[in-house]
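Visitor: Need coordinates for the below:
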Amino acid sequence: MSNMPKYKVEHYESKIRRHFNPLIEEQELLVKQFKTEATKRIVGKLSKKMGADKIMDAFKKAEDMMKKARQDAKTFFKKKAKQDEKKTLTYNMRDRDEEISLSDCEEQLRDWAKELVDREIRRRPEGAQLSQLEAVKQKAMDIVYENGDDQAIAKALDSCTKKIGITWVVDTSKIKQLSA
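Guide: Residues are numbered from 1 along each chain as shown. All right, here's what the predicted structure looks like:
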């Protein structure tokens, strides 16, 4: 590769991003939609398969009982403090969990489910198309870095991007001239 000026390399990089990023972002949105739906479905299955559903059910019951006990305690002590003006509440009543919470467990299951979905989504047509777009974009970048001749780069990029419907070299001879 002959030394291509930095501005040319940056121009090609910018043009590649301009062509590929909208396509990749659109495909990522489709994939994200499937990921979200699949993650919701897999969380329950994963929880049962691992045996976490029983632990989380017990956890939910315990949290509900703890919440009720906190409310009862708060009501009791506030009521007593109101009945006797000499009594004041001198301790901090907090409504926060001291340790791990049910939501922490649910979040962990969602993370694990997302990992499974990420691997599985590449097998779907949308995921395969996203992989193909990313691979063609990388190939286009490689062409720019591995060639020094503008004509060779343009020809190689045109043949590389035709596969996904992008015309790199646009024929401007058929464009009508604008009247002033």
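Visitor: in this protein, which ranges drop under the pLDDT threshold?
Guide: Residue ranges of the chain with pLDDT under 70: 1-2, 74, 77-78, 80-81, 84, 86-101, 105, 170-172, 179-180.
Visitor: ok, now with 80
Guide: Within the chain, the stretches with pLDDT under 80 are 1-4, 70-71, 73-106, 108-109, 112, 115, 122, 147-149, 163, 167-180.
Visitor: Centre-most residue in it?
Guide: Centroid check for the chain by Cα atoms, centre = their mean gives K32 as the closest residue, at 6.6 Å.
Visitor: Phi and psi next, for it.
Guide: Main-chain torsions, K32, degrees, to the nearest 10: phi -60, psi -40.
Visitor: How about R110, nearest residue that isn't a chain neighbour?
Guide: The shortest distance from R110 to any non-neighbouring residue, by Cβ to Cβ, 6 or more residues apart in numbering, is to V43 (5.8 Å). Placement of C-beta: from N, CA and C, glycine included.
Visitor: repeat for E126
Guide: Leaving aside its chain neighbours, E126 sits nearest to L30 (4.7 Å; criterion: Cβ to Cβ, 6+ apart).
Visitor: mind checking how far the one you found is from A154?
Guide: Separation of L30 from A154 (Cβ to Cβ, to the nearest Å): 31 Å.
Visitor: Check R119 too.
Guide: Noted for R119: a distance of 38 Å to A154, by Cβ to Cβ.
Visitor: cool, and Q27?
Guide: Q27 sits 25 Å away from A154, going by Cβ to Cβ.
Visitor: what packs against the one helix or strand A140 maps to?
Guide: Per DSSP states H and E, A140 falls inside helix 125-146. In this structure, helix 125-146 makes packing contacts with helix 6-50, helix 150-161, judged by 3 or more Cβ pairs under 8 Å, 6 or more residues apart in numbering; DSSP states H and E.
Visitor: Send me that helix as CSV with only the CA atoms.
Guide: Written as CSV, here are the backbone C-alpha positions of helix 125-146 (Å, rounded to 0.1, in the frame of the first residue of the first chain):
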residue,chain,number,x,y,z
PRO,A,125,-32.6,-14.2,9.8
GLU,A,126,-32.4,-10.7,11.4
GLY,A,127,-29.3,-11.6,13.4
ALA,A,128,-27.6,-13.2,10.4
GLN,A,129,-28.3,-10.1,8.3
LEU,A,130,-26.8,-7.9,11.0
SER,A,131,-23.7,-10.1,11.1
GLN,A,132,-23.5,-9.9,7.3
LEU,A,133,-23.8,-6.1,7.3
GLU,A,134,-21.1,-5.8,10.0
ALA,A,135,-18.8,-8.2,8.0
VAL,A,136,-19.3,-6.3,4.7
LYS,A,137,-18.6,-3.0,6.5
GLN,A,138,-15.4,-4.4,8.0
LYS,A,139,-14.4,-5.8,4.6
ALA,A,140,-14.9,-2.3,3.1
MET,A,141,-12.7,-0.8,5.8
ASP,A,142,-10.1,-3.4,5.0
ILE,A,143,-10.2,-2.5,1.3
VAL,A,144,-9.4,1.1,2.2
TYR,A,145,-6.5,0.2,4.4
GLU,A,146,-5.0,-2.4,2.1
